[in-house]
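Visitor: from the sequence below, what's the structure:
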Amino acid sequence: MALQVVRPVDNLERYNITRSNVKIYNNVSVGISIHSPVTLPSHQQDWAQLLLNPITTLLERHPILATVVGDHLTGHPVFLRLQSVDLLPLIQVYATSVDGDEDDTRTIARVLEDEHNKPFDLADQTTPLWRLAFVPIGDESFCLIYTFHHVIGDGRSAMALTEQLVEQLNLQLQSTTPSPSPASSFKIPIVSDKPIPASIESRINCYPSIRSLLWEASRAIFLPGFIKKALETKYWAGEIDSSLEVPNQTEVGFLRLTQDETQAVVRVAKARATTVQAILYTASIFAIRSVFMSGSTMDEKSVGGAVMERNDEEALVFATPCSLRDLIPNRIGADEQGNYVSEILHDNIRVKDRSGFWAMTDAYRKEVVAGTTTPRGLQDLLEHFGALALLSKKDGSWEKFMISKVTKDQHGRKASIKLSNLGRGWDTPSSSGTVDAGGALYAIQDAVFSQSSGVTASALTMSAATANGRLSISTTWQKAAFNGRARGETFVAEFKRILLLVALQHADTPELSYLDVCPLH
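Guide: Numbers count the residues shown, from 1 in each chain. The predicted model follows:
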């Protein structure tokens, strides 16, 4: 029987489908480490039994979780409703390292890497565009990782969904109803015909203004690559230029701060009248210079009495993803599943020897405030993807446009680095709260947020989230973009060093220059 058409795919949704079609971006992962009040299941079927009722409830609440994409290779893809969802194949249980020498952050990094390198098959119209991974952590805790296609959700909605899953597990745990008999089948029938959430384009006008049409859209869509790049400031975007000739294999570095370290970052942000996101920004661009540019092209030299840059190619472009949920007039609740994210691009960033950490932090914060609180800023966020409406609707036209970015963008990538920050979330019982007195409930210990690398996106992709007072950050990169895994891991270590160094500074400490934070080796 043919699947029911729910609604047509809109432009931002089609953008994410197209990235899958040309194999340049795979998926997003959001998860939580959870203390379990009961013995952990050991097998896939045991996990499916535990989750059967909670997932059934979530499928009824969020109909987009029971959809697939039809006609994904055409100019007019649609969302289709599944008749049932088989839970069992959507669950994978990962083992901890065999030799026992792997701590939980390395285990999570390994699992994220595996999940990111398994793209969803849009041609498969029997399996939804999400799955669950479970990683035992000791005898009493586990990490739950929800991996999904960006066409059905974003970080905020995934945060809400994983929170709701824990709520359902706790309701099940507290229920006085006798436990159901072991299921012989884990197929969940889909009986609801509720509509899926509306696209961002159907909620607010995203069509580009005349200003954008004359400059941004024409440059991005219509200009030949060599002219577009000649008009732009050259910027760093990885050690090896992007190419479609090599697979998009993601490598992952994962770090988690302690509660004390996280509190130190929050405390210095408040003392400096800035944000955690702004501090992460400056720490990341300082780390890029330290690891990838140190002692080569960013130092200044005097030529004929004038101070000049050695090489103007070494600027940076930073991408700040921004949730539109709270920015548009009719706000979109966090529990509405769908992708409602745009981004701000900060270009021509230059980290010099005398660049001040807090000065750069403050400048970035002001840019983000202007980009998210002013009418012009909101218009730019909407038009950032609104120009997609200008692309041809012919079959294959969007794929052709996406492939062209390899030759149209500097080094084949639109940015040096992207940093998504979900902020603080997961307000269900935490292991340090009073709600979980006596360990009687599933309690959240910390968070996981990560994205696969993108061939034409940023060279480095950082994803941050905070739960139970602990900040976790995943950094991903395309394997082919760097000269070995150690380069990415060195960046992660340097970023953490810089972050903790500035976090532990006294509020009255004078400005820190780049050379104060990263002395020349």
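Visitor: could I get the full set of helices for the stretch 351-500 of the chain?
Guide: Taking DSSP state H, counting those that start in this stretch to define them, one finds helices in the stretch 351-500 of the chain at 357-373, 375-386, 397-408, 485-503.
Visitor: so which of those comes closest to Phe222?
Guide: Closest of these to Phe222 is helix 397-408, at 10.6 Å (criterion: CB to CB). For the C-beta atoms, the positions are set from N, CA and C on the backbone; glycine is no exception.
Visitor: so which bits of the closest one are buried?
Guide: 398, 401-403, 405-406, 408 (16 or more other CB atoms under 10 Å).
Visitor: to Leu257, which of the helices of the stretch 351-500 of the chain lies closest?
Guide: With CB to CB, the closest approach to Leu257 among the helices of the stretch 351-500 of the chain belongs to helix 485-503: 7.9 Å.
Visitor: got a list of contacts for that closest one?
Guide: Outside helix 485-503, the residues that touch it by CB atoms under 8 Å, 6 or more residues apart in numbering are 239, 251, 253, 255, 257, 261, 264-265, 267-268, 279-280, 282-284, 286-288, 290-292, 357, 460, 473, 475, 477, 479, 482, 512, 517-518.
Visitor: before we move on, back to that, which member of the buried residues of helix 397-408 is positioned nearest Ser42?
Guide: Among the buried residues of helix 397-408, and counting by CB to CB, the member closest to Ser42 is Met402, at 42.8 Å.
Visitor: these two touch, right, that closest one and Val22?
Guide: Yes: contact criterion CB atoms under 8 Å: Met402 and Val22 qualify, at 5.1 Å.
Visitor: dump the residue contacts of the closest residue to Ser212 other than its chain neighbours.
Guide: Excluding its sequence neighbours, the residue lying closest to Ser212 (CB to CB, 6 or more residues apart in numbering) is Glu383, at 4.8 Å. Listed by CB under 8 Å, 6+ apart, the contact partners of Glu383 are 206-209, 212, 216.
Visitor: got the residues you listed as JSON lines, with secondary structure columns?
Guide: Putting those into JSON lines (DSSP: H, G, I helix; E, B strand; the rest coil) gives the following:
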{"residue": "Cys206", "secondary structure": "coil"}
{"residue": "Tyr207", "secondary structure": "coil"}
{"residue": "Pro208", "secondary structure": "coil"}
{"residue": "Ser209", "secondary structure": "coil"}
{"residue": "Ser212", "secondary structure": "helix"}
{"residue": "Glu216", "secondary structure": "helix"}
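Visitor: check what pLDDT the spatially most central residue of the chain gets.
Guide: By CA atoms, centre = their mean, the chain has its centre lying nearest to Gln451, at 4.4 Å. Model confidence at Gln451, given as pLDDT, is 99.
Visitor: if it is in a bridge, with which residues?
Guide: Val28 (DSSP bridges).
Visitor: my read: it touches Trp477, true?
Guide: No: using CB under 8 Å, Gln451 is not in contact with Trp477, being 10.9 Å away.
Visitor: so what sits against both of the two?
Guide: With CB under 8 Å, 6+ apart, Gln451 and Trp477 have common neighbours Thr461.
Visitor: where does pLDDT dip in this structure?
Guide: Judged by pLDDT under 70, the chain has its weakly predicted residues at 97-102, 178-180, 215-221, 295-313, 427-439, 521.
Visitor: per-domain residue ranges of it.
Guide: By the assignment in automatic domain parsing, the chain contains the domains 4-189, 210-422+450-517.
Visitor: so which of the buried residues of helix 397-408 is the closest to Arg61?
Guide: Nearest to Arg61 among these is Trp398, at 31.6 Å by CB to CB.
Visitor: skipping its backbone neighbours, what lies nearest the closest one in space?
Guide: Spatially, and ignoring its direct neighbours in sequence, Trp398 is nearest to Thr18 (4.4 Å; CB to CB, 6+ apart).
Visitor: would you confirm that that neighbour contacts Gly396?
Guide: No: taking CB under 8 Å as the definition, Thr18 is not a contact partner of Gly396, at 9.8 Å.
Visitor: the more surrounded of those two?
Guide: A direct count of neighbours by other CB atoms under 10 Å for Thr18 and Gly396 places Thr18 higher, at 24 against 13.
Visitor: wait, what's in contact with that one?
Guide: Thr18 sits next to 398-399, 401-402 when contact means CB under 8 Å, 6+ apart.
Visitor: just to be sure, it is in a strand?
Guide: No: with three-state DSSP as the criterion, Thr18 is assigned helix and is not in a strand.
Visitor: coming back round to it: just the buried residues of helix 397-408 now: which is nearest Pro329?
Guide: If you rank these by distance to Pro329 using CB to CB, Trp398 comes first, at 29.0 Å.
Visitor: quick one: residues contacting the closest one.
Guide: Contact analysis of Trp398 by CB under 8 Å, 6+ apart lists 14-15, 18, 75, 391-392.
Visitor: how far away is it from Val455?
Guide: Separation of Trp398 from Val455 (CB to CB, to the nearest Å): 15 Å.
Visitor: now do Gln44
Guide: Distance, Gln44 to Val455, using CB to CB: 32 Å.
Visitor: and the two? Which one has more around it.
Guide: Neighbour count, other CB under 10 Å: between Gln44 and Val455, Val455 has more, with 24 against 17.
Visitor: burial measure for the closest residue to the more buried one other than its chain neighbours, as a count.
Guide: Of all residues not flanking Val455 in the chain, Ile24 sits nearest, at 3.9 Å (CB to CB, 6+ apart). Neighbour count of Ile24, defined by other CB under 10 Å: 22.
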